[in-house]
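Asks: got a structure for you, letters missing:
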């Protein structure tokens, strides 16, 4: 509970994203094995929905290092010949990272039973355009399954088309576009 409050306070502060990521890792490190498996399942489901043309899966590996738990996120990709390539998440493209980061945020809301509204500011701008229709499917599935409302803030017209409603903000005035 203290760590949860610390994470909430950190996210509210400007320019503390690295600290927020570190706190999120601490939260994951304190989870039971069944909770970790649930999170892996949620991430893997999202990856297979978005990256339909790739065979991705993640492993959340917790190791002890100098009396401290260390979380490592490994991305596995099965190639056409059956070979499995394992890489650290940090060594992959931002599109994969943004989807995994998005699912971590969703899981945080599910796990801590927070308000089901998630604000995403330019969250998917690095995702290739070919995957956007699948992102919409994932967002709709999460919204209906968990009762979420997603608010996407973006300048990207392709991402705007994912939404049910689009609002344009111009010089402080808000207008419904569709």
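Replies: That came in fine, so what should we check first? Not measured: the values here are computed from a predicted model.
Asks: Could I get the phi/psi values of residue 59?
Replies: phi -130, psi 130 (degrees, to the nearest 10).
Asks: If you could redo that for residue 171, that was the one I meant.
Replies: phi 50, psi 40.
Asks: Poorly predicted segments of the chain, please.
Replies: For the chain, applying pLDDT under 70 flags the ranges 1-29, 67-70.
Asks: let's see it at 50
Replies: The chain contains residues with pLDDT under 50 at 11, 13-17.
Asks: Closest to the centroid, which residue in it?
Replies: Geometric centre of the chain, nearest residue: residue 102, 1.5 Å, by Cα atoms, centre = their mean.
Asks: That residue: what secondary structure?
Replies: Under DSSP: H, G, I helix; E, B strand; the rest coil, residue 102 falls in the helix class.
Asks: and the gap between the closest residue to it other than its chain neighbours and residue 94?
Replies: Among residues not flanking residue 102 along the chain, residue 123 sits closest, at 6.2 Å (Cβ to Cβ, 6 or more residues apart in numbering). Just so you know, the C-beta spots here come from the backbone N, C-alpha and C atoms, and that holds for glycine as well. Look at residue 123 and residue 94: by Cβ to Cβ, to the nearest Å, they are 11 Å apart.
Asks: contacting residues for the nearest residue to residue 176 once chain neighbours are set aside?
Replies: Leaving aside its chain neighbours, residue 176 sits nearest to residue 167 (5.8 Å; criterion: Cβ to Cβ, 6+ apart). Residues in contact with residue 167 (Cβ atoms under 8 Å, 6 or more residues apart in numbering) are 174, 175, 176, 177.
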